[in-house]
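>>> sequence first, predicted coordinates after that:
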Amino acid sequence: MNKVKRIAIVAAVILTSGVMVYWTDAGTGNDVDVKNHVYLPLNIDFAGEKVPMTLSDVKERMDRELLVNVNLHATTALIIKRANRAFPVIEPILKQYGVPDDFKYLAVIESGLINAVSSAGARGIWQFMPDTAKEKGMEVTETVDERYHLEKSTEAACKYLLAAKAKFGNWTLAAASYNGGMNGVNKQIESQKVSDYYDLLLNDETARYVFRILALKEIMTNQVKYGYDLPKEVLYQQIPVRKVEITANIDDLATFALDQGINYKILKVHNPWLRDKKLVVTPNKTYVIDIPLEGYKR
């Protein structure tokens, strides 16, 4: 048997038409000289907070999430397409609130950037439960559910994350608490007597949570490297709209839509927070409805 140079490889998963991910020992700096394969990055941060990739379990957890997501070809391609439309809305709101840009990838793993509905009752791109949504200032009724309103739900997510950062002192634990809850994460910190996400033993979902964010961040910021070289024309585009202020009840949204030069389906596509066939407006309340400009109907 030929003697080969000792390298600290790892883990490689082969899927049909899939991608291998290799990693090398951070201490030796050795690389695996194999074409058409990608390497697990060893210098990673979340919101400017360094990931301790020298820890073997951390390295393997990152490897797992990167391998899984880089080989979910259709799902990951759809997320990249949707991000072209959603991120320009999310990014300036994160910046306005002083929340790191990396948190847009939290929305990615929560919902795939669609208005998802969980079995537990969480809804929208940011996956808020009803009570938490109301606590953060969103309206949740039979006719209006602002968990489906991208701008307002992003603002609510920022409020939650800022409170979590103030409680835990870092963004990584703030992100973990979005999944495990502030009380749940704090309970584990107190019982285990450690205060670093990467030192905590958590339930499987919360233990994977930050690594899933990191994996999507890595793939989406290095798309060509991971085989997602999508041309601009296939990405989902933002559709220009005009804003219509509503201060009185709308008894029939289908009629309202036709009066605006669109139809009921288009109205609901652009305003998914409208949850009924009518809109009830309380005194001194103003709603803003998006109407796609002429030539941009879909």
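On my side now, so go ahead.

>>> quick one: classify the nearest residue to Gln238 once chain neighbours are set aside as helix, strand or coil.
For Gln238, ignoring the flanking residues on the chain, the nearest one in space by Cβ to Cβ, 6 or more residues apart in numbering is Arg85 at 5.2 Å. From N, CA and C alone the C-beta is placed, and that goes for glycine too. With DSSP: H, G, I helix; E, B strand; the rest coil as the basis, Arg85 sits in helix.

>>> Arg85 and Gln237 touch, don't they?
Yes. Contact criterion Cβ atoms under 8 Å: Arg85 and Gln237 qualify, at 6.3 Å.

>>> the two: which is more packed in?
The neighbour comparison of Arg85 against Gln237 (other Cβ atoms under 10 Å) goes to Arg85, with 15 against 12.

>>> now for the residue nearest to Gln238: which residues touch it?
Neighbouring residues of Arg85 by Cβ atoms under 8 Å, 6 or more residues apart in numbering: Leu235, Tyr236, Gln237, Gln238.

>>> again, only using 10 Å
Taking Cβ atoms under 10 Å, 6 or more residues apart in numbering as the contact definition, Arg85 lies against Leu113, Leu150, Leu235, Tyr236, Gln237, Gln238, Ile239.

>>> for it, give its distance to Gln188.
Note on Arg85: its distance to Gln188, by Cβ to Cβ, to the nearest Å, is 37 Å.

>>> picking up where we left off before, can you select the buried ones from the contacts of Arg85 in ChimeraX?
A single ChimeraX command selects the buried members of the contacts of Arg85 (16 or more other Cβ atoms under 10 Å):
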select :113,150,239
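
>>> residue ranges for the helices of the protein, please.
With DSSP state H as the criterion, the chain has helices at 56-70, 73-97, 104-111, 130-135, 150-168, 171-180, 182-192, 204-221, 253-259, 264-270.

>>> reformat the ones you listed as TSV; add distance to Lys50 and mean pLDDT.
Shown next, in TSV, are the helices of the chain (distance: least, Cβ to Cβ, whole Å; pLDDT from 0 to 100):
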stretch	distance to Lys50	mean pLDDT
helix 56-70	11	95
helix 73-97	21	97
helix 104-111	17	98
helix 130-135	30	96
helix 150-168	17	98
helix 171-180	10	98
helix 182-192	20	98
helix 204-221	12	97
helix 253-259	50	98
helix 264-270	41	97
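
>>> quick one, which of those helices is nearest to Asn284?
Among these, the nearest to Asn284 by Cβ to Cβ is helix 150-168 (17.9 Å).

>>> can you tell me the closest non-neighbouring residue to Val244?
Nearest non-adjacent residue to Val244, counting by Cβ to Cβ, 6+ apart: Ile289, 4.8 Å away.

>>> residue contacts, that neighbour?
Contact partners of Ile289, counting by Cβ under 10 Å, 6+ apart, are 241-246, 250, 253, 256-257, 260, 267, 270-271, 273-274, 279.
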